[in-house]
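Asks: Have a look; sequence and predicted model below, questions after that.
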Amino acid sequence: MEVNEHFNKFPNVWEQKGELKEKIFDFSEGYKKFLDRCKTERECAADIVAEAKKRGFVSLEEVVKAGKYIKAGQKIYALNRDKSVILFVIGEQKLEKGLRIVGAHIDSPRLDLKPCPLYEDTGIALMKTHYYGGIRKYQWLSRPLAIHGVVFNEKGEKIEICIGEDNDDPVLFIADLLPHLAKDQRQKKLSEAITGEGMNLLVGSIPDTDYEGQEKVKSNIMNLLHDKYGIKEIDFTTAELEIVPAGMARDVGFDRSMIAAYGQDDRVCSYTGVQAILEVENPKYTAVGMFMDKEEVGSQGNTGSESMYFEAALAELINLQEGTSGELSKRRCILSSKVLSADVCAAFDPNYPEVSDKRNVSFIGHGVQMTKYTGSGGKYSCNDANAEFVSHVRQIFDKNDVMWQVGELGKVDQGGGGTIAYILSNAGADVIDCGTPMIGMHAPFEIVSKADVYMTYKAYSAFLASSFER
Ligand SMILES: [Zn+2]
């Protein structure tokens, strides 16, 4: 017997016959463009809303203002403070029968400028940063960096800034110590060799010769920024300026099977989730795509998943369906909802085999990953999806030719982590983590397989449109 059909195997997507390969490559082109356009949560939110509007989505404010009952098939977006966005396609069934939700996040690890960033030291102008999310600091040195974000001037006008992405643009830079003088640094632990306060950006070195005071280089930089953007130093206190790796998404490998790009955690699940919900028409249950901010810092705050914003939007919709904001209807809705927490997961990396259990880790190119539970240690702080719900999702995927695999985040006691899964799960919904396997998560450039990107999209499409009941 060559094959025992009772054995389990998660096949390689690339080994499938037919047109699949072509579809995978086509899909990844749109994805790479999205990655190049959107490097911050604000850029993602604006892009998602623009695409949604093209497909007939109308803002929740407009719908509320019109005050008419919502109808099945209606498409609505809710933009929260330009940093998170939720898309709804209203189902045939009432909202209290539950939603089908794909929830991803659009913030990524980065360096933020401090409120008073600019200073001069020995004739060099620098800017101070404060890192955001789980970065490995040494990875941010010796690489071209771009600045994206918004500044509000004294009149309260918003100025958008993006420098470092065009080939002609200057970039910013944090230099690393030369090996010749790194004798002391080399003895330090990796986590201590580079300090947060040492992450200062090189931003200029030409003095302002018309200025007679101290800090002539800083003066020149401030003049340049004022000439171009009309901003003064105090305006940095009313700004959100994010430092991200400069450069575009690139194909990886002689066979172009993978993509390297900044912020694929979690823009891979955001992009695939957006594409999936934009194609949903007349679902049985209301389909929802959530694209949230602040996941990398614990989902707190009014644009994160812990905020009451989603529930408030839901209450508005229930009011527009039933003529009452019905607390009970809202609770029934969440209790009956089924959710994919759409976030990336750690794929097996042949360079670091020791951190994973080879029998319980995903491999790139073998499809979207379902993660029954996350957490660390003895599953501490995890969302552990009920077997009934895992079975429910498995059947949806199998019926729709979604190639999927399972995995844990590393070996037992090796570390761990979580996603936004627990939040809606605590509220009473059925939730499972389901996303794209990734190599080099949270690095300035992260790697995914194009095959898995496509299977993630297929998984979210099938789930959002599912009317299947357990
Ligand atoms: Zn993530």
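Replies: Thanks, I have it.

Asks: Please determine how far the residue nearest to T195 when sequence neighbours are not counted is located from the ion.
Replies: Nearest residue to T195 in three dimensions, chain neighbours excluded: K137, at 7.6 Å (C-beta to C-beta, 6 or more residues apart in numbering). From N, CA and C alone the C-beta is placed, and that goes for glycine too. Computed as C-beta to the ion, to the nearest Å, the K137 to the ion distance reads 19 Å.

Asks: In this model E233 seems to touch H226, though I could be wrong.
Replies: No. H226 is not in contact with E233 according to C-beta atoms under 8 Å; the separation is 9.2 Å.

Asks: element containing F25, please.
Replies: Using DSSP states H and E, F25 maps to helix 20-37.

Asks: So which other helices or strands are in contact with that helix?
Replies: helix 41-54, strand 258-261, helix 264-278, helix 450-464 (3 or more C-beta pairs under 8 Å, 6 or more residues apart in numbering; DSSP states H and E).

Asks: can you tell me which of these comes nearest to G18?
Replies: Across the helices and strands packed on helix 20-37, G18 has its closest neighbour in helix 450-464 (13.2 Å, C-beta to C-beta).

Asks: The ion contacts on the stretch 201-350 of the chain?
Replies: Residues of the stretch 201-350 of the chain lying close to the ion by C-beta under 5 Å from the ion are 265-266, 343.

Asks: ok so, going back, what is the burial count for the residue nearest to T195?
Replies: 18 (other C-beta atoms under 10 Å).

Asks: Assess the claim that it and L190 are in contact.
Replies: No. Using C-beta under 8 Å, K137 is not in contact with L190, being 9.2 Å away.

Asks: related to what we said a few turns ago, got the contact list for the helix holding F25?
Replies: By C-beta atoms under 8 Å, 6 or more residues apart in numbering, the list of residues contacting helix 20-37 from outside reads 13-14, 43, 47, 165, 248-249, 256, 259, 261-264, 267-268, 271-272, 275, 450-451, 453-454, 457.

Asks: Please dump the helices and strands packed on helix 20-37 into JSON lines; it should also carry mean pLDDT for every row.
Replies: Listed next are these as JSON lines, based on pLDDT from 0 to 100:
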{"stretch": "helix 41-54", "mean pLDDT": "98"}
{"stretch": "strand 258-261", "mean pLDDT": "98"}
{"stretch": "helix 264-278", "mean pLDDT": "98"}
{"stretch": "helix 450-464", "mean pLDDT": "98"}
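
Asks: element containing the residue lying closest to Y69 once chain neighbours are set aside?
Replies: Leaving aside its chain neighbours, Y69 sits nearest to L320 (6.0 Å; criterion: C-beta to C-beta, 6+ apart). L320 belongs to helix 309-322 when assigned by DSSP H and E.

Asks: next structured bit after that helix?
Replies: Taking DSSP H and E, what comes next after helix 309-322 is helix 327-335.

Asks: where along this structure do the helices fall?
Replies: Under the criterion DSSP state H, the chain contains helices at 20-37, 41-54, 60-66, 183-187, 190-193, 216-229, 264-278, 309-322, 327-335, 387-399, 421-426, 450-464.

Asks: Only alpha carbons, please: show stretch 116-128 as PDB.
Replies: What follows is stretch 116-128, C-alpha atoms only, in PDB (Å, rounded to 0.1, in the frame of the first residue of the first chain):
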ATOM      1  CA  CYS A 116       9.600  67.100  20.200                       C
ATOM      2  CA  PRO A 117      11.700  65.200  17.800                       C
ATOM      3  CA  LEU A 118      14.100  67.600  16.200                       C
ATOM      4  CA  TYR A 119      17.600  68.500  17.600                       C
ATOM      5  CA  GLU A 120      21.100  69.100  16.600                       C
ATOM      6  CA  ASP A 121      24.300  67.400  17.900                       C
ATOM      7  CA  THR A 122      27.800  68.200  16.700                       C
ATOM      8  CA  GLY A 123      26.500  69.800  13.500                       C
ATOM      9  CA  ILE A 124      24.100  67.000  12.600                       C
ATOM     10  CA  ALA A 125      20.300  67.300  12.800                       C
ATOM     11  CA  LEU A 126      18.500  64.300  14.100                       C
ATOM     12  CA  MET A 127      15.000  63.300  15.100                       C
ATOM     13  CA  LYS A 128      14.000  61.200  18.100                       C
END
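
Asks: Pick out whichever of the residues of the stretch 201-350 of the chain next to the ion sits closest to E215.
Replies: D265 (38.6 Å).

Asks: So what are the sheet partners of the helix-or-strand element of the chain with minimal mean pLDDT and their directions?
Replies: Every helix and strand in the chain was compared by mean pLDDT, DSSP states H and E; the lowest is strand 416-417, with a mean of 78. Strand 416-417 pairs in its sheet with strand 375-376 (antiparallel), by DSSP bridges.

Asks: Touching the partner strand from outside, list them.
Replies: 381-384, 415-418.

Asks: Ok, stretch 297-307 next?
Replies: Against stretch 297-307 from outside (C-beta under 8 Å, 6+ apart): 41, 80-81, 83-84, 103, 105, 107, 132-133, 290, 292-295, 309, 420, 423-424.

Asks: From those, list the buried ones, please.
Replies: Buried members of those, scored by 16 or more other C-beta atoms under 10 Å, are 41, 80, 83-84, 103, 105, 107, 132-133, 290, 292-295, 309, 420, 423-424.

Asks: Skipping adjacent residues, who's closest to the residue in the stretch 1-150 of the chain that the ion sits nearest to in space?
Replies: The ion sits closest to H105 of the stretch 1-150 of the chain, with a gap of 5.7 Å, by C-beta to the ion. Distances taken as C-beta to C-beta, 6+ apart place E295 nearest to H105, at 3.5 Å, with adjacent residues excluded.

Asks: Let me see the confidence value for that neighbour.
Replies: pLDDT for E295: 94.

Asks: which residues does it contact?
Replies: For E295, the contacting residues are 105, 107, 266, 304-305, 343, 419-420, by C-beta under 8 Å, 6+ apart.

Asks: so can I have CSV of the residues of the stretch 201-350 of the chain next to the ion showing distance to P353 and neighbour count?
Replies: As requested, those are exported to CSV (distance: C-beta to C-beta, whole Å; neighbours: other C-beta atoms under 10 Å):
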residue, distance to P353, neighbour count
D265, 22, 29
D266, 25, 29
D343, 23, 27
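
Asks: For the stretch 101-250 of the chain, which segments count as strands?
Replies: With DSSP state E, counting those that start in this stretch as the criterion, the stretch 101-250 of the chain has strands at 110-121, 124-132, 145-152, 158-163, 200-204, 239-245, 250-252.

Asks: Nearest to the ion: which residue in the stretch 301-450 of the chain?
Replies: Distances between the stretch 301-450 of the chain and the ion by C-beta to the ion are smallest at D343, namely 4.2 Å.

Asks: excluding its backbone neighbours, what's nearest that residue?
Replies: Nearest to D343 is T419, by C-beta to C-beta, 6+ apart, at 4.0 Å.
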